[in-house]
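A.B. asks: any chance you can model this:
(one chain, ligands or ions: 1)
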Amino acid sequence: MESALQERETRLQEARILGVRVHRVRMAEALRAIEQLIQRREPSLVITADANAILIALEDAEFHQLMETAPLVTADGAGLTWAGKRLGQPFPERVSGVDLVEQLTRLSHEKGYRLYFLGAAPGVAERAARNLLRKYPNAQIVGVQHGYFPPTDEPAIVTQIAAARPDVLLVGMGMPRQEKWAWRHRTALGVPVMIGVGGSFDVYGGVVKRAPRWMQQLGYEWLWRLLQDPRKIKKVRNLPRFVWQIWRAK
Ligand code: UDP
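C.D. replies: Prediction:
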């Protein structure tokens, strides 16, 4: 059984973007992989990577190592899907943190998986949970905690999450902090699947609006986000550096 699971997991195709590993998966495959990880019950990290994640990995050895060993790294964002195509390793579909949050809530509604929402400003993840529950009333959201706690509260928060016994911990505290935090506490948390979901709770909590679908499909969601939150300029400023490196890499 164990080896059959592992065999299926290792079949995920990989792309190498500037040497950094990202899986070439569709949403349906990503969800299947996550369900297998839930069944395996060993703390595992899932990373939703955008172009910025690749740049972070190139400068941050700890984060690079997490991307190298995570059983699932999905491609989130137009910059990365463009890079995959350009490097001859196209991603079949964008698998974003925002979409994963909704799909996992749907699966929870259907199959009873226990979800925990950690991150975003006070009140936002609660609102996100309430809004998602309206659409998926049987989803098991077993706990919610905002992401602006002082380090002294960490042990209590870890204990609180562990006590709620989630199958999946969705961590929206920004990259790479959310991934490092989850991985550092994996043993005490004892949660089978930990997923970094960035600003997803802001989307479902009504803090930011998602771009219209046509804009998402044309790959301009970043522009929409930038117009809503000019602080994101830092990320967008990094994009030309990413494009330049991909251009040279070919
Ligand atoms: N955030 C948090 N704690 C912090 C800093 C940020 O919970 O100390 C949240 C923030 O409110 C937002 C998310 O982390 O909901 C980061 O969103 P962003 O879209 O910037 O994520 P990234 O794409 O950087 O992962």
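
A.B. asks: give me the below-cutoff pLDDT ranges for the chain.
C.D. replies: For the chain, applying pLDDT under 70 flags the ranges 1-10.

A.B. asks: list the contacts of the helix ranked longest in the chain.
C.D. replies: Longest helix in the chain by number of residues (criterion: DSSP state H): helix 233-249. For helix 233-249, the surrounding residues in contact (Cβ atoms under 8 Å, 6 or more residues apart in numbering) are 17-18, 51-52, 54-55, 79, 82-83, 86-87, 222, 226. Every residue, glycine included, has its C-beta placed from N, CA and C.

A.B. asks: what about stretch 62-76, distance to the chain center?
C.D. replies: Centre-to-centre, stretch 62-76 and its host chain are 10 Å apart (Cα atoms, centre = their mean, to the nearest Å).

A.B. asks: leaving out chain neighbours, which residue sits closest to the residue of the chain found nearest the ligand?
C.D. replies: Here the chain gets closest to the ligand at one residue, residue 147, 2.0 Å apart by Cβ to the nearest ligand atom. Excluding the flanking residues, the one nearest residue 147 by Cβ to Cβ, 6 or more residues apart in numbering is residue 119, at 3.7 Å.

A.B. asks: re the thing from before, was I right to think the residue of the chain closest to the ligand contacts residue 170?
C.D. replies: No. Counting by Cβ atoms under 8 Å, residue 147 sits too far from residue 170 to count as a contact (11.1 Å).

A.B. asks: mutual contacts of these two, please.
C.D. replies: 118-119.

A.B. asks: quick check: closest non-adjacent residue to residue 71.
C.D. replies: Excluding its sequence neighbours, the residue lying closest to residue 71 (Cβ to Cβ, 6+ apart) is residue 44, at 5.1 Å.
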